[in-house]
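Asker: sequence first, predicted model second:
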Amino acid sequence: MSKGRKILRIGRWVLLGLVLFSVLNEAAIRVAVHFKNETSFRDFVDTLPAVKPWQKVTFGALVQPSEHRKLIYQLRANMKVTHREVKVTTNSHGWRDQEYKEAPPPNTVRIVGIGDSNMYGWGVEQGKDFLTVLEGKLNNKYGDKKRWEVINTGVPGYNTYMKVESLNSRSIAFKPDIVIIQHTINDLLLPEFVYEYPDVLSPRRSFFLDFVLGRYKLADNKLKVVFEADFKEVPQRFKYMEGEEGFARAMVMLRDLREEHGFEVVLHISHDHPVGIAHGLLKLCKEFSFHCFVKLHRTDDPKLIVSKEDLHPSALGHKLLAETFFHYLEEEHLIQRALER
């Protein structure tokens, strides 16, 4: 073998060794970053500021990063606080509702609501949201036949994708017979809270190269929460949930979940935003075999809103919505079908 060919062969082995060395180190650092992410996440959640019973808080104190990566954030569990001058309590699942076990009691109809601040009951007292009022009406009229449980999983700021993802990752385990999803003004918008941590699956960066060049240190890897007023753009890894494409993905996911689990879907259109979307949603309901309930939220009547500065539905607005929704469920024979199951 000539000297040149020998040098070339050695060079190939050296190059192969360097490639293998880089790949193994890249993999090792990504694994280390993954476990550091998990540790940072748990440390952050475990050290959230303590809140005294009925303490006045901003909404930021009511939420925490979610362990479900696609959900981003959720309400903190077992809270008793005062927010927007009203009492707010959350159950062990972080929902503004009473406690529920996953397995429904015998002879029970389960309805799960997935929504945002309107469904949550922003600015109204505990138990005055339309889902709780609806539950009372159902039990008053049909409780002698079956028990009705209407679970409010609404979280302020959720867009459509996050609403359906919350069903997929959290509340589907409660075996709903009917799922109510509410379309409101922020459904196609960006999520209101994001948290950042290095994405170990990203092909856009080399952790090993960043480590060698001193651009990344594991000790600096801390979870960062960015709130609504501070962030200028949503990180690339959250882009899948925004806009019309994110909405379409959510609707397909909801349809697939319905087909898999056998529940009815009622899409409640409370806002025609962007203008004209209500018509498109009616067509979507027909195509996907969803029930579509149109009851637009009125902001021109001061009795139906929290205040001039806060256009969320008032307690009266929630009550009237519950009454109209109740009659819609009767007219669509959803109550009768649930009773016959």
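Answerer: Perfect, thanks for sending it.
Asker: what's the local residue count around residue 83?
Answerer: Per other Cβ atoms under 10 Å, the neighbour tally for residue 83 reads 18. From N, CA and C alone the C-beta is placed, and that goes for glycine too.
Asker: isn't it right up against residue 55?
Answerer: No: if you go by Cβ atoms under 8 Å, residue 83 and residue 55 don't touch, sitting 9.7 Å apart.
Asker: for the stretch 51-200 of the chain, give me the ranges with low pLDDT.
Answerer: 191-198, 200 (pLDDT under 70).
Asker: show me the strands in it, by range?
Answerer: 55-56, 63-65, 73-75, 80-83, 86-89, 108-114, 147-152, 178-183, 194-196 (DSSP state E, counting those that start in this stretch).
Asker: of those, which approaches residue 166 most closely?
Answerer: Closest to residue 166 of these is strand 108-114 (Cβ to Cβ; 5.7 Å).
Asker: in that closest one, what counts as buried?
Answerer: Across strand 108-114, burial judged by 16 or more other Cβ atoms under 10 Å covers 109-114.
Asker: show me which of those residues is closest to residue 10.
Answerer: residue 114 (62.7 Å).
Asker: what's the burial count for the residue nearest to the closest one when sequence neighbours are not counted?
Answerer: Distances taken as Cβ to Cβ, 6 or more residues apart in numbering place residue 163 nearest to residue 114, at 4.2 Å, with adjacent residues excluded. Counted by other Cβ under 10 Å, the residues lying close to residue 163 total 27.
Asker: my guess is residue 163 contacts residue 115, does it?
Answerer: Yes: using Cβ under 8 Å, residue 163 is in contact with residue 115, at 6.2 Å.
Asker: what is in contact with those two at once?
Answerer: Common contact partners of residue 163 and residue 115 (Cβ atoms under 8 Å, 6 or more residues apart in numbering): 181-182.
Asker: skipping adjacent residues, who's closest to residue 264 in space?
Answerer: residue 178 (4.7 Å).
Asker: which residues does that neighbour contact?
Answerer: Counted by Cβ under 8 Å, 6+ apart, residue 178 has contacts 109-112, 263-266, 334, 338.
Asker: check residue 255 too.
Answerer: Residue 255 neighbours (Cβ under 8 Å, 6+ apart): 265, 288, 290.
Asker: and the spatially closest residue to residue 83 that is not a sequence neighbour, how close does it get to residue 79?
Answerer: Nearest non-adjacent residue to residue 83, counting by Cβ to Cβ, 6+ apart: residue 57, 5.7 Å away. Using Cβ to Cβ, to the nearest Å, residue 57 is found at 9 Å from residue 79.
Asker: cool, residue 266 as well?
Answerer: On the measure of Cβ to Cβ, residue 266 and residue 79 end up 28 Å apart.
Asker: check residue 307 too.
Answerer: For residue 307, the distance to residue 79 - Cβ to Cβ - is 23 Å.
Asker: now do residue 165
Answerer: 22 Å.
Asker: the two: who's more crowded?
Answerer: residue 165 (23 against 20).
Asker: and residue 309, how many neighbours does it have?
Answerer: 6.
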